[in-house]
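Q: just to be clear, the model below is a prediction. Sequence and coordinates:
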Amino acid sequence: MNSIESIVDEIKAYDGPPLRFMEICGTHTYSILKYGIGDILPPNISLVSGPGCPVCVTPAGFVDYAAQLSLRKNSVLCTFGDMVRVPGHTTSLAKARASGGAVQIMYAPMDVIGWAENAPGMTFYIAAVGFETTLPIYALLLKEITVRKLRNIRFLTAMKALLPALYWICEKEPRMSGFIGPGHVSTIIGTAAYEPLRRKYGVPLAVAGFGFEHILAAIYDLMTQCRLGTHAVKNLYPNAVSHEGNAQANALIAEYFIKKPSLWRGLGQLDASGYFLAPSYEGFDAGDWMENTAAPEPSGCLCGSVIIGRASPPECALFGSACTPQEPVGPCMVSGEGACGIWYRSGAAKKEHL
Ligand code: SF4
């Protein structure tokens with residue numbers, strides 16, 4: 001087995017054709033910046049961020065719709081904290097709250113059970129955003145809601161399946177040399193889920209954990225595969241990720257959700273890319289936020305391009321000037337998994353390349 005030092009040396013010494021790898025997951029972007037991995041890479045290996053931040057891929061129309069729900073009489077909009085400051089087209093949850101809307105921060109989705117039981121005259125709308133990692137939690141919440149026969153909870157669902165976004169990127173964007181596969185989503189879907197993608201597009205993928213050595217191992221593996229002309233799916237995070245994925249979690253997802261077309265920021269509508277309530281649970285649905293498809297993205301904001309690796313955060317003219325974590329223009333600056341916020345907080349924009 002290679003030592004970490006020899007891996008670093010081999011990566012630094014790479015002098016082959018230019019390679020461009022996408023780290024799909026925002027937590028990987030965070031680790032890459034945190035550990036200064038960009039400083040290790042030679043000029044002909046570059047990393048770009050991908051569509052793995054669930055808040056970032058959620059279009060502005062969802063935020064507008066959620067804000068409207070918070071302003072309804074006897075209603076409470078429940079959300080994770082990072083969604084509150086995400087700008088919609090016309091408003092944000094923070095602005096709706098300032099105008100009298102009821103916005104309640106969830107620390108865990110199960111929080112809503114107690115709130116709904118204690119206030120049966122109120123309707124609690126859950127802004128349900130996330131990838132496969134979050135879906136089992138919402139499935140368990142639905143299970144609990146039905147067991148307790150609660151009738152005052154609704155789901156505003158913008159949950160996403162990750163793979164359709166990767167197909168879109170492979171189909172529409174300049175070819176990636178390889179993908180650093182997301183550690184968290186892969187615990188649910190398993191490495192087998194990536195096999196059709198790598199067969200169709202001949203692109204290698206290495207699922208990685210979040211430590212310095214995990215990410216370097218993934219870059220090294222992808223670099224080696226590119227040299228050899230192979231395109232395998234590698235599981236470099238076997239402590240957490242299996243080939244088949246988490247069968248129990250997937251059974252829960254299949255019981256409570258079905259896949260339908262869904263809208264993505266930057267990618268548009270993708271077939272079978274959204275998880276919506278299964279027919280037996282449609283009574284818990286909060287309505288169709290996608291009917292507001294005309295809501296444009298904030299003027300000048302490149303989030304739609306950052307999400308698909310077409311632009312890096314400093315390429316946005318607003319980065320660090322009109323758009324900061326304190327005054328965000330787009331979601332990528334707000335979310336803890338958003339590339340712009342991660343770059344800004346790390347000061348990485350000052351560096352020449354990542
Ligand atoms: Fe959007 Fe701000 Fe990032 Fe520009 S810097 S892409 S406005 S989040």
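A: Right, received. Where do you want to start?
Q: all helices for the stretch 251-354 of the chain, in order.
A: 303-306, 339-346 (DSSP state H, counting those that start in this stretch).
Q: what pLDDT, on average, does the longest one get?
A: To tie it back to what came earlier, the one meant is helix 339-346. For helix 339-346, mean pLDDT rounds to 93.
Q: stretch 265-278 too?
A: 95.
Q: quick one: buried residues of it?
A: Within stretch 265-278, the residues that count as buried by 16 or more other Cβ atoms under 10 Å are 265, 266, 267, 270, 273, 274, 275, 276, 277. In this view, the C-beta of every residue, glycine as well, is placed from N, C-alpha and C.
Q: the residue in the stretch 1-150 of the chain positioned nearest to the ligand sits in which helix or strand?
A: At 8.2 Å from the ligand, residue 56 is the closest residue in the stretch 1-150 of the chain, using Cβ to the nearest ligand atom. Residue 56 belongs to no helix or strand when assigned by DSSP states H and E.
Q: residue 57 reaches residue 264, doesn't it?
A: Yes - applying Cβ atoms under 8 Å, one finds residue 57 in contact with residue 264, separated by 5.0 Å.
Q: shared neighbours, the two?
A: Residues touching both residue 57 and residue 264 (Cβ atoms under 8 Å, 6 or more residues apart in numbering) are 51, 160, 165, 307.
Q: identify the farthest-apart pair in these.
A: The distance between the two most remote of those (Cβ to Cβ) is 11.5 Å, for 160 and 307.
Q: okay, and the common contacts of these two?
A: 57, 264.
Q: interface residues of the chain facing the ligand?
A: 301-303, 306, 313, 316, 318-319, 323, 329-330, 332-333, 340 (Cβ under 6 Å from any ligand atom).
Q: can I get those in TSV with neighbour count?
A: Shown next, in TSV, are the residues of the chain next to the ligand (neighbours: other Cβ atoms under 10 Å):
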residue	neighbour count
301	26
302	24
303	29
306	31
313	27
316	23
318	20
319	24
323	27
329	23
330	29
332	35
333	32
340	33
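Q: which residues are contacting the lengthiest strand in the chain?
A: When the chain is parsed with DSSP state E, its longest strand is strand 268-277. Contact with strand 268-277 is made by 135, 142, 155, 157-161, 164-165, 168, 253, 256-264, 284-285, 290, as judged by Cβ under 8 Å, 6+ apart.
Q: let's go with 7 Å and repeat that
A: Residues outside strand 268-277 that contact it (Cβ atoms under 7 Å, 6 or more residues apart in numbering) are 135, 155, 157, 159-161, 164-165, 168, 257-264, 284-285.
Q: please check the residues you listed and keep the buried ones.
A: Buried members of these, counted by 16+ other Cβ under 10 Å: 135, 155, 157, 159-161, 164-165, 168, 257, 259, 262-264, 284.
Q: those residues: which two are farthest apart?
A: 168 and 284 (29.3 Å).
Q: do you know which of the helices of the stretch 251-354 of the chain lies nearest residue 131?
A: helix 339-346 (15.9 Å).
Q: just the buried residues of the closest one, please?
A: Buried, per 16+ other Cβ under 10 Å, within helix 339-346: 339, 340, 341, 342, 343, 344, 346.
Q: what of stretch 283-291?
A: 284, 286, 289, 290.
Q: middle-most residue in this protein, spatially?
A: Nearest residue to the geometric centre of the chain (Cα atoms, centre = their mean): residue 53, 2.4 Å.
Q: quick check: the residue of the stretch 201-350 of the chain nearest the ligand.
A: residue 330 (2.6 Å).
Q: okay but that residue is in contact with residue 298, surely?
A: Yes - between residue 330 and residue 298 there is a contact under Cβ atoms under 7 Å: 5.6 Å.
Q: okay, and the common contacts of the two?
A: residue 87.
Q: in the protein, what residue sits furthest out from the centroid?
A: The outermost residue of the chain, judged against the average C-alpha position, is residue 121 (34.0 Å), by Cα atoms, centre = their mean.
Q: what residue ranges in the stretch 251-354 of the chain score low on pLDDT?
A: Flagging of the stretch 251-354 of the chain using pLDDT under 70 yields the residue ranges 292-295, 348-354.
Q: quick one: residues contacting the closest residue to residue 75 other than its chain neighbours.
A: Spatial nearest neighbour of residue 75, chain neighbours left out: residue 123 (5.0 Å); criterion: Cβ to Cβ, 6 or more residues apart in numbering. By Cβ under 7 Å, 6+ apart, the contact list for residue 123 reads 74, 75, 152, 154.
Q: can you count the residues close to the second one?
A: If I follow you right, that is residue 75. Neighbourhood size, residue 75 [other Cβ atoms under 10 Å]: 18.
Q: surely it touches residue 119?
A: No - with contact defined as Cβ under 7 Å, residue 75 does not reach residue 119; the gap is 10.7 Å.
Q: and the lengthiest helix in the chain, what's buried?
A: What stands out as the longest helix in the chain, according to DSSP state H, is helix 212-228. Neighbour-count burial for helix 212-228 flags 212, 214-226 (criterion: 16+ other Cβ under 10 Å).
Q: can I get those residues in TSV with pLDDT?
A: Output for the buried residues of helix 212-228, formatted as TSV (pLDDT from 0 to 100):
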residue	pLDDT
212	95
214	96
215	97
216	96
217	96
218	98
219	98
220	97
221	98
222	98
223	98
224	97
225	98
226	97
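Q: about what we covered before: what's near enough to touch the residue farthest from the centre of the chain?
A: Taking Cβ under 7 Å, 6+ apart, we find residue 121 in contact with residue 74.
Q: could you redo the last one with a cut-off of 6 Å?
A: For residue 121, no contacting residues are found, by Cβ atoms under 6 Å, 6 or more residues apart in numbering.
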